[in-house]
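Undergrad: Sequence below, structure please.
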Amino acid sequence: MEFLLVFAFLALFCASAMAGIALRKRLHERHLTAENLDSIRLVTGLMVTFAALILSLQLSTARARFDEASAHRSTYAARLTSLDECLRIFGDAADPIRLKLRQYTAAVLASTWPQEAKIVVAGMPNTEGMAVRGEDSILSQLMSDIGVAVDALQSPGLEHSAARCRTAYSAALSARWSVIEDSHIPSGAFFIGLLSFWLSLVFLSFGLQIPRRALSAAVLAIGVLSISSIMFVIVDLGMPYQGVFHISSVSTRDALADMMR
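TA: The predicted structure is shown next:
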């Protein structure tokens, strides 16, 4: 699907440029005087300047959000691993809690990256139909059950370790909410559509201005390809668990692998 976006932007901007070229052929020579073309260049220059600023800001914002979401996911995996390591201190008494934690992590892995191979843990919930992003009621309940069990941990001489496990659980829960909140970032689809329309007008203006020469057409084609690729990157970064630039599952897989040792 993501590669269809490239062709969609290419088709839109190419059509705009071709429309400009076709319109120039139909215009009378009195509309293509030096004064009129200079006026068009002034307006086009203004539009290009604003478009460059907006594209730069949008790309920077999309990249920052993606990096933040990726960092939250890595932190979440580290917090889950830390909780499991704390629970190991209690030996057999904490095995049921650790099993639930493995079931939870495996379900998170399977639901977040459904296109990848699953790591099956006995008793894990069915992940079919779970949302890739956001909160899931089944996983929330499983995480709550883990918290209740951690709070109930008691062992003579290990009171400090029990308190440390409760702190580790609170840190994991906080990291989980950071990951969930990342899914509430607006998609910006309307803004992308408006920006695409604006850029199509820019290429329409370019089509009106360029002379009918092969070199000019080649330069215009390079411009169309460049802007289309930038638009693709902006949209793709807005889908952190899909597309080409997706958040990797490596940290979560490493966390689960460490729990299963």
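Undergrad: Let me see the contact set for D236.
TA: 2, 5, 243-245 (CB atoms under 8 Å, 6 or more residues apart in numbering). Where you see a C-beta, it was placed from the backbone N, CA and C, and this is true even at glycine.
Undergrad: ok, which pair from the residues you listed is furthest apart?
TA: Largest separation among those by CB to CB: L5 and F245, giving 12.3 Å.
Undergrad: helices or strands up against the worst-scoring helix or strand of the chain on mean pLDDT?
TA: Across the helices and strands of the chain, mean pLDDT, DSSP states H and E gives its lowest value to helix 2-26, namely a mean of 81. Where contact means 3 or more CB pairs under 8 Å, 6 or more residues apart in numbering; DSSP states H and E, helix 2-26 is packed against helix 189-209, helix 214-237.
Undergrad: Would you map the helices across the stretch 1-150 of the chain?
TA: 2-26, 34-87, 95-112, 137-151 (DSSP state H, counting those that start in this stretch).
Undergrad: Which one, of these, ends up nearest to I234?
TA: That would be helix 34-87 among the helices of the stretch 1-150 of the chain, by CB to CB, at 5.0 Å.
Undergrad: and the closest one, how far from the chain's centre?
TA: Computed by CA atoms, centre = their mean, to the nearest Å, the separation of helix 34-87 from the middle of its chain amounts to 11 Å.
Undergrad: go on, stretch 171-184?
TA: Distance, centroid of stretch 171-184 to centroid of chain: 15 Å (CA atoms, centre = their mean).
Undergrad: Alpha carbons of it, in PDB - could you do that?
TA: Taking Å, rounded to 0.1, in the frame of the first residue of the first chain, the C-alpha atoms of stretch 171-184 are listed here in PDB:
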ATOM      1  CA  ALA A 171       7.900   2.000  35.400                       C
ATOM      2  CA  ALA A 172       6.700  -0.600  32.900                       C
ATOM      3  CA  LEU A 173       3.100   0.600  33.200                       C
ATOM      4  CA  SER A 174       4.200   4.200  32.600                       C
ATOM      5  CA  ALA A 175       6.200   3.200  29.500                       C
ATOM      6  CA  ARG A 176       3.200   1.300  28.300                       C
ATOM      7  CA  TRP A 177       1.100   4.400  28.400                       C
ATOM      8  CA  SER A 178       3.700   6.400  26.600                       C
ATOM      9  CA  VAL A 179       3.500   3.800  23.700                       C
ATOM     10  CA  ILE A 180      -0.300   4.000  23.800                       C
ATOM     11  CA  GLU A 181      -0.300   7.800  23.700                       C
ATOM     12  CA  ASP A 182       1.800   7.700  20.600                       C
ATOM     13  CA  SER A 183      -1.200   6.300  18.800                       C
ATOM     14  CA  HIS A 184      -3.200   9.400  19.500                       C
END
